[in-house]
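Trainee: Fold the stuff below for me.
(2 chains)
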Amino acid sequence: MTTVLKASGLTVERSDGASIIEDVSLSLERGEVMGIVGESGSGKSTLALALLAYARHGVRIAGGAVRVADTDMLELDPASLRKARREVVAYVAQDPGAALNPMLTLGTLLTEGLAGGKAEKVTRAREILRKVGLPDDEAFLQRRPRQLSGGQQQRIAIAMAVIAQPKLIILDEPTTGLDVSTRAKVLDLIRQLCISDNLTAIYVSHDLAVIANVADHVTVMYGGQVVEQGPMQEILATPRHPYTRALLDAVPSLQARQALRPIRGRVPAVGEAPDGCIFSDRCDYAVEACNTRPALRLVGGTQVRCVRPELGETFGVRPQAVGHSDGQVANSSAVLQANGVNAFYGYRQILFDVSLKVEPGRCLAVVGESGSGKSTLSRCLIGLHGNVTGEFRLDGKPLPLTVGQRDQYARQRLQYIFQNPNASLNPRRTIGASLAAALANRPEADSRPGAVIAEALERVGISPDLGTRYPAELSGGQRQRVAIARALVANPAVLLCDEVTSSLDVSVQASVIELLRSLLADGLGMLFVTHDLAVVRNIADTVAVLSAGRVVEQGEAHKVLGTPSHPYTQSLLANTLQLPTEAADLDMPVIAPRQSAAGSR
Amino acid sequence: MEMTLHQRVRQRPASGWWRLWASTQVRWGVILLVAMTALVVVGPFLAPYDPAAPVGKPYDAPSASAWLGTDNLGRDVLSRVLSGGVYLAWMAPVSALLSVVIGAAVALVTAYYRGWTDLVLMRSLDVLLAFPGILLTLLCVSVFGPQPVLLVGLVVLTLMPGVARVIRGAALPLLDREYVLWAKAVGTPGPVIILRELLPNVSSPLLVELGLRLSWSVGILSSMSFIGYGIQPPAADWGLMVSENGTGLGTQPFAVLAPILMIVLYTIGGGLIAEGAARVMARTEGKA
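Mentor: From the prediction side, this is the model:
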């Protein structure tokens, strides 16, 4: 085996000296795939870029060495560094839509960095296109990135990275923005390239299920430090650091409805980490010894930065199953009902005869991929989509189709929570003022607005003291909680949740799901739009599967997810990624460990 | 408990203004504008002579009695410079403010309501934008005479469509933001959405526009005076002075350069505020 990557003592600092990543060491043999996992703000992207000897503006690589094959990345002059970034290390960014120059043809994009004659370049480009599973004809080479789908764009980005046959390829969340089935295909491609080209890769993601499906080694980052590092199987089976275990516990399971265990607190900002063990302020098992920072040490097969790693096995309890909300069948009077809904964009029909009902205290999940019309459906229900026909009923009474025709009562009873927490609050208003504005719409204007606001904030687990903060001062998860609090202030009957967890970290998602579950227990009806079936399993009581604007399957959640009858539901299920430990329990197809494949050649 | 939260909600940190003041450019721009305004207000009382009365022979060089010399009619240049900013000092800010206020109102209303309001208003703005401002000025001044209020109106008419275009451009993407959708979904009335959700979020381009249009107003008003369609002689006015004394530039440059310097300083003040504000906003928005 030859060592391809050897990074040691890598430290990246902000210009004021606060370290973003600290003393990170990595080592990869040829043909290995290393997953780097951690929440937002853990420094994983900074690390990925530092391996390319790149640091963002206002940030510098303060120390350490990065050696890829025989190149010292940090010692190169600008010209050879440019060359090295093409021929030695390649990088695939998260958002291919932004990473690919929209004005260049695919042919130009692919061959830009190659040496050699034109014919030779085109041959290479075709070869690589076939390899990544795209058409290789002249017409396709003349296309531009915006004429491709997201998955195809990501394939092109990967092709661009591997065309110069680099020694190491760094993939920074390459599947995060993609649909379930597209993601599965792109992951397949990456695995396949790893085997066929014996590629050495670093795969950065916040999603352990993804990492577990593609990598054979894993580095868990937290607050800019490596907290655990070792072979994938080992870490999945015996996570030793409390943070690793917490991450695993936060991943929702497709098989069973469980109590998810969110990690309390938030990732420390740069320069604000505790003095001792960096995780100690969020760790449930912290002891006095945690006040001095532990070094990485080898325990079992893994490197762990924890003073009591041997306890890893005995930590916490195994996830416990939680049942569905009580009184489900008994109380089946729908609070919100839609019959025969058709929706259009111009002359194009988006929704075809969709009927559904939301019951109090129960959650209806609307599942589908992008373009299935699920967001249009929720916008229709809230009355923001004008071009719609059909019938809505709220509390048994007819509900006008658009918000302008609804009365104030109806508007209060239905509340919408948006996918993007960053834009759902007015950035120029404090969160207290945002909630006060929501309260102002309530007809029976409360005499004690402060109390109602404080109560709503406390209900979602936000300290009312944060009322004077602006949204920019909160984390994504906190913003989403505030958005939920703003909906609660109106005293609603139904919450329409549009992909509310999809832009959140797994650990934050867990806490939001727990919060929503507790709201269900309070008797709220909920419509939950999502593409993630594991989330559906953990929150929904009933499911409607939407494909190309039609409901293809509908029913109780355990029935639809347990014994799906429609092929589309089956394919969605098959493409949903799981931690292999769980998949193995239930005899799901698991990706075989890759060492054997790589070793056999 | 509830009261404390409520009070805290009300006294939100006015950090935005402090951040602006912290910018060196904005600070110098404000200082410059305040100093110029003070000079213009106090100037007439400081002037050693009556700005309209001849004190010597035409185009006399600077001397102990007339520090900046005399102009084409033998009037004291210093006195005329000190008295010559009165019109500009109120007309420029008023025109700038009016163009920004009207422009922003038109922009936000059309952007929010769309439909025929949008069509009619924006198309008429396009016509205004396409019509050469100078022709309009010549026409109106020829017909109605050079009254200050008319001049202000003309400047507003010239500048407002540009402001409206910029602010509309900034407001349109906001309409797809979730907080605006949310406000619509809970039935907030349109005017409230415009004032509470849209206006605060276009405040950065608004401030930039204000500084920029202030400089432009100074420029337009001075050029009107220069071509003789603005403030009429024998009143003292910087733009007018430049045109009156243009022929004597070789013999008595101060009669031209002094008013030009005043106009330039005034313009730079507005420009600095606009530039500084734009930078501060770009920084804070990047952070958010």
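Trainee: quick one: low-confidence ranges for chain B?
Mentor: B:1-16, B:283-288 (pLDDT under 70).
Trainee: okay, now whatever residue of chain A ends up closest to chain B: neighbour count?
Mentor: Nearest residue of chain A to chain B, counting by Cβ to the nearest Cβ: A:G450, 3.2 Å away. Backbone N, C-alpha and C define where each C-beta goes, glycine included. By other Cβ atoms under 10 Å in any protein chain shown, 23 other residues sit near A:G450.
Trainee: Checking my notes, it in a strand, right?
Mentor: No. Under DSSP: H, G, I helix; E, B strand; the rest coil, A:G450 falls outside any strand and is assigned helix.
Trainee: any idea how far it lies from B:I194?
Mentor: Distance of A:G450 to B:I194, computed by Cβ to Cβ, to the nearest Å: 27 Å.
Trainee: which SSE is A:D136 in?
Mentor: Under DSSP states H and E, no helix or strand contains A:D136.
Trainee: err, B:T267, not the other one
Mentor: Here B:T267 is assigned to helix B:254-287, by DSSP H and E.
Trainee: Which positions in that helix come out as buried?
Mentor: B:254-259, B:262-263, B:266-278, B:280-281, B:284 (16 or more other Cβ atoms under 10 Å in any protein chain shown).
Trainee: next one: stretch A:378-392
Mentor: In stretch A:378-392, counting by 16+ other Cβ under 10 Å, buried: A:S378, A:R379, A:C380, A:L381, A:I382, A:G383, A:L384, A:H385, A:N387, A:V388, A:G390, A:F392.
Trainee: low pLDDT regions in chain A?
Mentor: A:1, A:310-332, A:443-447, A:581-601.
Trainee: try it again with 50
Mentor: Judged by pLDDT under 50, chain A has its weakly predicted residues at A:312, A:317, A:326-328, A:330, A:583-601.
Trainee: Residue most distant from the centroid, it?
Mentor: A:G117 (42.1 Å; Cα atoms, centre = their mean).
Trainee: and the gap between B:Y113 and B:V127?
Mentor: Taking Cβ to Cβ, one finds B:Y113 at 20 Å from B:V127.
Trainee: Between the two, which is the more surrounded one?
Mentor: Neighbour totals were compared for B:Y113 and B:V127, and B:Y113 leads with 13 against 10 (other Cβ under 10 Å).
Trainee: Would you confirm that A:D23 belongs to a helix?
Mentor: No. Using three-state DSSP, the assignment for A:D23 is strand, not a helix.
Trainee: shouldn't it be in contact with A:A7?
Mentor: No. Shown here, A:D23 and A:A7 do not form a contact pair, counting by Cβ atoms under 8 Å, at 10.6 Å.
Trainee: what is in contact with the two at once?
Mentor: Residues touching both A:D23 and A:A7 by Cβ atoms under 8 Å, 6 or more residues apart in numbering or on different chains: A:G64.
Trainee: More neighbours: which of the two?
Mentor: A:A7 (21 against 16).
Trainee: I figured the more buried one hits A:I21, correct?
Mentor: No. Between A:A7 and A:I21 there is no contact under Cβ under 8 Å: 10.6 Å.
Trainee: returning to what we had before: in strands, which of the buried residues of stretch A:378-392 fall?
Mentor: Under the assignment DSSP state E, the buried residues of stretch A:378-392 contribute A:V388, A:G390, A:F392 to strands.
Trainee: Pull the CA coordinates from whichever helix or strand A:R411 is part of and hand them back as PDB.
Mentor: If you go by DSSP H and E, A:R411 is part of helix A:408-413. Listed in PDB are the C-alpha atoms of helix A:408-413, where the atom choice follows Å, rounded to 0.1, in the frame of the first residue of the first chain:
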ATOM      1  CA  GLN A 408     -59.000  36.300   9.700                       C
ATOM      2  CA  TYR A 409     -60.100  33.300  11.700                       C
ATOM      3  CA  ALA A 410     -59.200  30.900   8.900                       C
ATOM      4  CA  ARG A 411     -55.900  32.600   8.400                       C
ATOM      5  CA  GLN A 412     -55.000  32.100  12.100                       C
ATOM      6  CA  ARG A 413     -56.100  28.500  12.200                       C
END
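Trainee: Paired strands for the very next helix or strand once past it, with orientation please.
Mentor: Sequence-wise, the next helix or strand downstream of helix A:408-413 (DSSP H and E) is strand A:414-417. Note on strand A:414-417: by DSSP bridges, its sheet partners are strand A:494-498 (parallel).
Trainee: How far away from the center of its chain is the partner strand?
Mentor: Relative to the centre of its chain, strand A:494-498 is centred 20 Å away, using Cα atoms, centre = their mean, to the nearest Å.
Trainee: can you check stretch B:21-41 too?
Mentor: Counting by Cα atoms, centre = their mean, stretch B:21-41 comes out at 14 Å from the chain centroid.
Trainee: Would you mark the buried spots in that stretch?
Mentor: Under 16+ other Cβ under 10 Å, the buried positions of stretch B:21-41 are B:S23, B:Q25, B:V26, B:G29, B:V30, B:L32, B:L33, B:M36, B:T37, B:L39, B:V40.
Trainee: List the contacts of the first one.
Mentor: When you say that, I think you mean B:S23. B:G276, B:A277, B:R279, B:V280.
Trainee: 7 Å instead, please
Mentor: B:G276, B:R279, B:V280 (Cβ atoms under 7 Å, 6 or more residues apart in numbering or on different chains).
Trainee: same question, the second one
Mentor: For B:Q25, the contacting residues are B:L272, B:E275, B:G276, by Cβ under 7 Å, 6+ apart.
Trainee: and stretch A:460-471, anywhere near chain B?
Mentor: Yes. With Cβ under 7 Å from any Cβ of the partner chain as the measure, stretch A:460-471 is seen reaching chain B through A:P464, A:G467, A:T468.
Trainee: Could you pull up phi and psi at residue 163?
Mentor: I'll assume chain A. The phi and psi values for A:I163, taken as degrees, to the nearest 10, are phi -60, psi -30.
Trainee: In CSV, list the residues of stretch A:460-471 next to chain B along with distance to A:V367.
Mentor: Below are the residues of stretch A:460-471 next to chain B laid out as CSV (distance: Cβ to Cβ, whole Å):
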residue, distance to A:V367
A:P464, 36
A:G467, 36
A:T468, 39
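Trainee: any chance of those residues in a markdown table, with distance to B:F45, secondary structure and neighbour count too?
Mentor: Putting the residues of stretch A:460-471 next to chain B into a markdown table (distance: Cβ to Cβ, whole Å; DSSP: H, G, I helix; E, B strand; the rest coil; neighbours: other Cβ atoms under 10 Å in any protein chain shown) gives the following:
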| residue | distance to B:F45 | secondary structure | neighbour count |
| --- | --- | --- | --- |
| A:P464 | 57 | helix | 24 |
| A:G467 | 52 | helix | 25 |
| A:T468 | 48 | helix | 19 |
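Trainee: Between those, which sits nearest B:E209?
Mentor: Nearest to B:E209 among those: A:T468, at 29.8 Å, using Cβ to Cβ.
Trainee: how close does the closest one get to A:R429?
Mentor: Following Cβ to Cβ, the distance that separates A:T468 from A:R429 is 11 Å.
Trainee: ok, which stretches of the stretch 451-600 of chain A are helices?
Mentor: A:476-489, A:506-521, A:533-539, A:557-562, A:567-575, A:580-585, A:595-599 (DSSP state H, counting those that start in this stretch).
Trainee: which residues are in contact with the fifth one?
Mentor: Contact partners of helix A:567-575, identified using Cβ under 7 Å, 6+ apart, comprise A:V180, A:S181, A:A184, A:V367, A:L533, A:V545, A:S547, A:V552, A:E553, A:V560, A:L561, A:P564.
Trainee: next one: the second one
Mentor: The contact list for helix A:506-521 (Cβ under 7 Å, 6+ apart) reads A:39, A:206-208, A:246-247, A:250-252, A:260-263, A:325, A:361-363, A:460-461, A:476-477, A:480-481, A:484, A:495, A:497, A:500-501, A:504, A:526, A:535, A:538-539.
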